[in-house]
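J.: Curious how this folds, go ahead:
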Amino acid sequence: VTSTQPSPCCLTTDYKESEMSQTVTETLQLRLSRQPVTSLLSGIQTNPLPPPSARNPNIAHAPVRNHNLSRDEKKQAVENALRYFPHETHAELAPEFAAELNEFGHIYMYRFMPREPLHAIPADQIPTRSRQAAAIIHMLLNNLDPRVAQFPEELVTYGGNGQVLSNWAQFRLVLNYLSTMSDEQTLVMYSGHPMGLFPSSPSAPRAVITNGMVIPNYSSREDYDRMFALGVTMYGQMTAGSYCYIGPQGIVHGTTLTVLNAGRLKLGTNDLSGKVFVTSGLGGMSGAQAKAAVICGCVGVIAEVSYEALKKRYDQGWVVEMTENLDDLMTAVRAARKQKRATSIGYHGNIVAVWERFYQEYERTGELLVELGSDQTSCHNPFNGGYYPVQLGYEESQDVLAKDPEHFKDLVQESLRRQVTAINSLSDAGMYFFDYGNAFLLEARRGGAKVAKAGDEANPNAFRYPSYVQDIMGDIFSLGFGPFRWVCTSGRPEDLEMTDRLAQEVLEKIVADGVPKKIEQQYSDNIKWIREAGKHQMVVGSQARILYSDQKGRMALALRFNQAIANGDIQGTVVISRDHHDVSGTDSPFRETSNIYDGSAFTADMAVQNCIGDSFRGATWVALHNGGGCGWGEVVNGGFGLVLDGSIEQGRKAESMLGWDVSNGVSRRAWSGNENADSTIRRAMEEDPRLRITLPNRVTNRSVVDGLF
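T.: Numbering: from 1, shown residues only. Prediction:
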């Protein structure tokens, strides 16, 4: 077992982060910041064309995308790609794009990649006509930073296929538009394609983004594979396609709360020392699991098939120990349990082998070595690289996926059945397993695994293991709490430290002024979180932070940050945002809205209305996506970014927009019959008499309806 202590989250351009001191890191960042930014903003170079560019063999790349395009459709895909370039370049580019389509399943236009690794350039160093546009560029570049992005050269930020944009020509155009636009224009984005700049007003969003918006009857995975290969749509996941991803920190707080609450509710303890949490995935957002385990004080075991992904998290200090041997893993687990030592152990290999080995140990010794379990493989995309079958190694899996996708699908489903069999056996022995909203149970059931809820086998939406939203986090969204984020676009750690201090002060004041009993624990957990956030060294990429807050807290935080900018206590702008996985942002019947029981869980009015409402209440940019979390066709979600610049106007916008951004979802949940949401929205109406919500008159006498049909 290789071990390291958590280290500063920074990376050299040759990806050897662990060899680098903080001083060297700062020097590197300064050098990159001073390199000519204009080359990124000047649009698509065509006279002359840049030389062809090969993929970097030293970093991870997206799996080959399968599409089954016909010969004519392949021609159409190349024609579609050539539209970005002058006619005189078509003869040279056409065969190159055709080769990319044949080899990689998509036209990424590698020739037009920047020659230097991207990073979040401080916004005040980006020459733009609009200060808000500079902040958007800062956020977009962060999504493609090699320290942050899962497959940076394929423009994938996380989740295996969460695209920022579809190709590098789009990247060049988008940055050019943003750098030249004024505050009387809005950039319109169609699934990665910049449709253009349209006249608007300073009060309108600077960008409106849609990803994957297709006619509902054409939202199957096969439809997506075909349309993505054609270059006419893309999967933006959640915060990838909205430019709001902040690295694995973006989910570490939620994962920490989930594991802590699992201990409280299922194990009956606030002390997780010596308890083992087994899960999988370290590539993108799942990388948060290792850090969360250590913060919670337990022993985290996280399997990852990609050595590159595991080593990246190890070098960044997110994984404390590494091994590729199951015997060594069991030895390390037993030692950490006995010592009650908080640690995270990254296992290089398949999670199925880990689950089966834990069960074998139980059968052999009667010792249950795991108390908590989950899964964060990218099961929303299981047959295209989101899940790797235990029967094959990582490289062999990619080869089979490219050459025989149907056989690969069969192997994946067999692997899922094996995984569930082991989990079920350990669950019967006393382990608590929860679904983390990645479509694991959904795909396992489709593959024939035994995950149906006992006594309700005919219900396709009832599972043996409930979603963590239902069973652990409970009514956190109905109480109005969710993942609120901010990014200091100056790139200065000192500014982030200032926001941490201000956030703690704001939350402590709210508690001192009095909060309802049912949300005291939420505020207590988040005050503790923000007090200790800096010491956990969670920054990867932009200077960002996350905490869970309700409507009152979010509004107070935004206004306090805005005032600090006006006073000069914070240098530069601050972007406030949130995960799409939030109170109002996502309609997802297998995750965010899994506890909606009035029959509306499969409707998507909430997410669509939320995006529209944010857009005219002050958001700097808004995004609406098909897919995210549980996968294409399974979810509709949206998000926003709002730039605080110290002005009274931006403070007013933040207050107006954040009120809607929370109350919308709480009111929907109240209408569905949720008591916590009902009391939360009533309290909001008392605080703002302009808010008037239609509240339900629930049936209390069941005999009124029980005998009707």
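J.: On the strand side of things, show who residue 625 bridges to.
T.: residue 211, residue 637 (DSSP bridges).
J.: ok, now which ones touch it?
T.: In this structure, residue 625 makes contact with 210-212, 236-238, 241-242, 580, 635-638, judged by Cβ atoms under 8 Å, 6 or more residues apart in numbering. For the C-beta atoms, the positions are set from N, CA and C on the backbone; glycine is no exception.
J.: so after the least confident helix or strand in the chain by mean pLDDT, what's the next helix or strand?
T.: Least confident element among the helices and strands of the chain, by mean pLDDT, DSSP states H and E: helix 22-34 (a mean of 41). Going down the chain from helix 22-34, the next helix or strand is helix 38-41, by DSSP states H and E.
J.: Quick check: buried residues in that following helix?
T.: For helix 38-41, burial by neighbour count (16 or more other Cβ atoms under 10 Å) applies to 40-41.
J.: Could you pull up the mean pLDDT of it?
T.: Helix 38-41 shows a mean pLDDT of 92.
J.: who's in contact with the helix or strand following that helix?
T.: Using DSSP H and E, the next helix or strand after helix 38-41 towards the C-terminus is helix 71-82. Identification of contacts with helix 71-82 by Cβ under 8 Å, 6+ apart yields 69, 90, 93-94, 97-98, 101-102, 107, 109, 167, 169, 226, 229-232.
J.: Just the mean pLDDT for helix 71-82, thanks.
T.: The predicted model assigns helix 71-82 a mean pLDDT of 98.
J.: Quick check: next helix or strand after it?
T.: Counting by DSSP H and E, the next helix or strand C-terminal to helix 71-82 is helix 90-104.
J.: contacts for that following helix?
T.: So helix 90-104 is contacted by 49, 52, 62, 64-65, 69, 74, 77-78, 81-82, 85, 106-111, 154, 229 (Cβ under 8 Å, 6+ apart).
J.: From the residues you listed, keep the buried residues only.
T.: In those, burial by neighbour count holds for 49, 62, 64-65, 69, 74, 77-78, 81-82, 85, 106-111, 154, 229, counting by 16+ other Cβ under 10 Å.
J.: unless I'm mixing things up, residue 175 is touching residue 41, no?
T.: Yes: if you go by Cβ atoms under 8 Å, residue 175 and residue 41 touch, sitting 5.1 Å apart.
J.: Need the residues touching each of these two.
T.: Counting by Cβ under 8 Å, 6+ apart, the common neighbours of residue 175 and residue 41 are residue 137.
J.: Would you mark the buried spots in stretch 691-709?
T.: Judged by neighbour count using 16+ other Cβ under 10 Å, the buried positions of stretch 691-709 are residue 693.
J.: Run the chain-centre distance for it.
T.: Between the centre of stretch 691-709 and the centre of its chain there are 37 Å (Cα atoms, centre = their mean, to the nearest Å).
J.: swap in stretch 236-251?
T.: 4 Å.
J.: and what of stretch 476-496?
T.: That offset, for stretch 476-496, works out to 14 Å (Cα atoms, centre = their mean).
J.: just to revisit the earlier point, with respect to residue 136, which of the contacts of residue 625 is nearest?
T.: Residue 136 lies nearest to residue 242 out of these, by Cβ to Cβ, at 10.3 Å.
J.: Contacts only, for the closest one.
T.: Contacts for residue 242 (Cβ under 8 Å, 6+ apart) come out as 209, 211, 236, 580, 621, 623, 625, 638-641.
J.: hang on, residue 49 packs against residue 88?
T.: No: taking Cβ under 8 Å as the definition, residue 49 is not a contact partner of residue 88, at 9.8 Å.
J.: So, low pLDDT: which residues of the stretch 1-150 of the chain?
T.: 1-36 (pLDDT under 70).
J.: Apply 90 and report the result again.
T.: Applying pLDDT under 90 to the stretch 1-150 of the chain flags residues 1-38, 66-68, 115-117.
J.: Distance of residue 627 relative to residue 216?
T.: Relative to residue 216, residue 627 is positioned 13 Å away (Cβ to Cβ, to the nearest Å).
J.: Tell me which of these two has more neighbours.
T.: Per other Cβ atoms under 10 Å, whichever of residue 627 and residue 216 has more neighbours is residue 627, with 29 against 8.
J.: Let me know the pLDDT of the nearest residue to residue 280 once chain neighbours are set aside.
T.: Spatial nearest neighbour of residue 280, excluding adjacent residues (Cβ to Cβ, 6 or more residues apart in numbering): residue 351 at 3.6 Å. Listed pLDDT for residue 351 reads 96.
J.: now residue 664
T.: Note on residue 664: pLDDT of 97.
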